[in-house]
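Novice: Sequence first, then the predicted structure, then my questions.
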Amino acid sequence: MRALGFASYFPLGEIAAQTACHLRLTMHHKNMTDKYAVIGNPVSHSKSPLIHALFAQQTGQDISYEAIEAPLDGFAATIDRLRKEGYKGCNVTVPFKFEAFNCAAELSERAQTAQAVNTLSCEGERLIGDNTDGAGLVRDIEQNRGVTLQGRRVLLMGAGGASYGVVLPLLTAGATITIANRTASKAVELAAKFSGVTGGSYEDLAGMQFDVVINATSAGLADSAVPLPDGIFAPGALAYDMMYGRETPFMAFARAQGAMVADGLGMLVEQAAEAFYIWRGVRPETAPVIAALRG
Ligand code: ATR
């Protein structure tokens, strides 16, 4: 028997119905929950699963998001497993941001400049690395704190991984940047990667004033003060600590000097929102999520 052609077999109306049915099935398949995760070590303390769950609820996106602890020597193997299991992307936190940078086949400019990746997207076989930390910081300062960075004098304290991640986005926002570090040579090295950025020691800051002072050191973790001179804050200056959860010696010093003080919780939520946007193409409202986390 001669096989009947598709068109001659189905009346037009039925073809439309069949196509619609096929589309529905395809869409149903596509609507299966997309899997995401944050990978770190340790990672159980991470607020990212809660933040992304709140984003998903708010935007109606069908995703799951969990915290996965990778062995210290097993980041690449963990990523490989997640890819095979169909995960669409993951966030990367301490201590794997540099390894994630090395794993990614493609990198955004901001990830390249940061030499670190906090957001990986799995697109078929391709693993794409981005870094949303700096964008999160800029957004928190400008949108949530209402401080414009264009033309402002910004002091960035520290020249470790946290600082590398934020220089380019701060520059792009129009800030004039000075980097100070305990080990001055590292500040000089980081500053030299950009034109118009200066780097040096804390002693070099004598007599200078800044509109925004950002603490990107890990000094707060050890509760040690950072050696800032009195009078470093210009009138109405913002003192921003990338840490959150408690008052650091830097925040206490800034408060005593009359500066506005911000912790890093907003940055955490904003970097997550930027990752969510990369993955889902939808920008969640961050204010209610920040408020929920502050409880
Ligand atoms: P991260 O990835 O969090 O930036 P890091 O790469 O270890 O961590 O960098 C830590 C940063 O905090 C460095 O700039 C470090 O200064 P040094 O380069 O001189 O080590 C800075 N830091 C840590 N403890 C400090 C302290 N007590 N006072 C001033 N700076 C400190």
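Specialist: On my side now, so go ahead.
Novice: Every contact and neighbour count from this point should use C-alpha atoms.
Specialist: OK.
Novice: Next, the distance between the ends of stretch 238-250.
Specialist: Its first and final residues considered, stretch 238-250 spans 12 Å by C-alpha to C-alpha, to the nearest Å.
Novice: ok, now stretch 120-139?
Specialist: 20 Å.
Novice: buried sites along that stretch?
Specialist: 120-122, 127-139 (16 or more other C-alpha atoms under 10 Å).
Novice: So which of the residues you listed belong to strands?
Specialist: Leu120, Ser121, Cys122, Leu127, Ile128, Gly129, Asp130 (DSSP state E).
Novice: would Leu293 count as being in a helix?
Specialist: Yes - Leu293: assigned to a helix according to DSSP: H, G, I helix; E, B strand; the rest coil.
Novice: residues near it, how many?
Specialist: Neighbours of Leu293 under the rule other C-alpha atoms under 10 Å: 14.
Novice: Could you pull up the mean pLDDT of the helix or strand Val289 falls within?
Specialist: Counting by DSSP states H and E, the element that carries Val289 is helix 287-294. Helix 287-294 shows a mean pLDDT of 97.
Novice: Outside of that helix itself, list whatever touches it.
Specialist: Applying C-alpha atoms under 8 Å, 6 or more residues apart in numbering, the external contacts of helix 287-294 come out as Ile51, Leu54, Phe55, Asn144, Leu265, Gly266, Val269.
Novice: now with 6 Å?
Specialist: Here helix 287-294 makes contact (C-alpha atoms under 6 Å, 6 or more residues apart in numbering) with no residue beyond itself.
Novice: which residues touch the longest strand anywhere in the chain?
Specialist: Assignment by DSSP E gives strand 233-241 as the longest strand of the chain. Residues outside strand 233-241 that contact it (C-alpha under 6 Å, 6+ apart) are 209-215, 259-264.
Novice: And stretch 50-66, by the same measure?
Specialist: For stretch 50-66, the external contacting residues (C-alpha under 6 Å, 6+ apart) are Thr33, Asp34, Lys35, Tyr36, Ala37, Pro49, Pro284.
Novice: which non-adjacent residue is nearest the fourth one?
Specialist: Excluding the flanking residues, the one nearest Tyr36 by C-alpha to C-alpha, 6 or more residues apart in numbering is Tyr65, at 4.6 Å.
Novice: Regarding Ala254, what is its secondary structure?
Specialist: Going by three-state DSSP: Ala254 is helix.
Novice: residues touching it, list them.
Specialist: So Ala254 contacts nothing (C-alpha under 6 Å, 6+ apart).
Novice: make it 8 Å
Specialist: By C-alpha under 8 Å, 6+ apart, the residues touching Ala254 are Phe233, Ala239, Met260, Val261.
Novice: sec struct for the last one, please.
Specialist: Each residue gets one of three states, and Val261 gets strand by three-state DSSP.
Novice: got a markdown table for the contacts of strand 233-241, with pLDDT too?
Specialist: Putting the contacts of strand 233-241 into a markdown table (pLDDT from 0 to 100) gives the following:
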| residue | pLDDT |
| --- | --- |
| Gln209 | 98 |
| Phe210 | 98 |
| Asp211 | 98 |
| Val212 | 98 |
| Val213 | 98 |
| Ile214 | 98 |
| Asn215 | 97 |
| Ala259 | 98 |
| Met260 | 98 |
| Val261 | 98 |
| Ala262 | 98 |
| Asp263 | 97 |
| Gly264 | 97 |
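Novice: Max pairwise distance over those residues: which two?
Specialist: Using C-alpha to C-alpha, the contacts of strand 233-241 span at most 22.1 Å, a distance reached by Gln209 and Gly264.
Novice: before we move on, the earlier item: the contacts of Ala254 into JSON lines, with extra columns for neighbour count and distance to Thr176?
Specialist: JSON lines is the format used below for these (neighbours: other C-alpha atoms under 10 Å; distance: C-alpha to C-alpha, whole Å):
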{"residue": "Phe233", "neighbour count": "23", "distance to Thr176": "15"}
{"residue": "Ala239", "neighbour count": "26", "distance to Thr176": "16"}
{"residue": "Met260", "neighbour count": "17", "distance to Thr176": "19"}
{"residue": "Val261", "neighbour count": "19", "distance to Thr176": "20"}
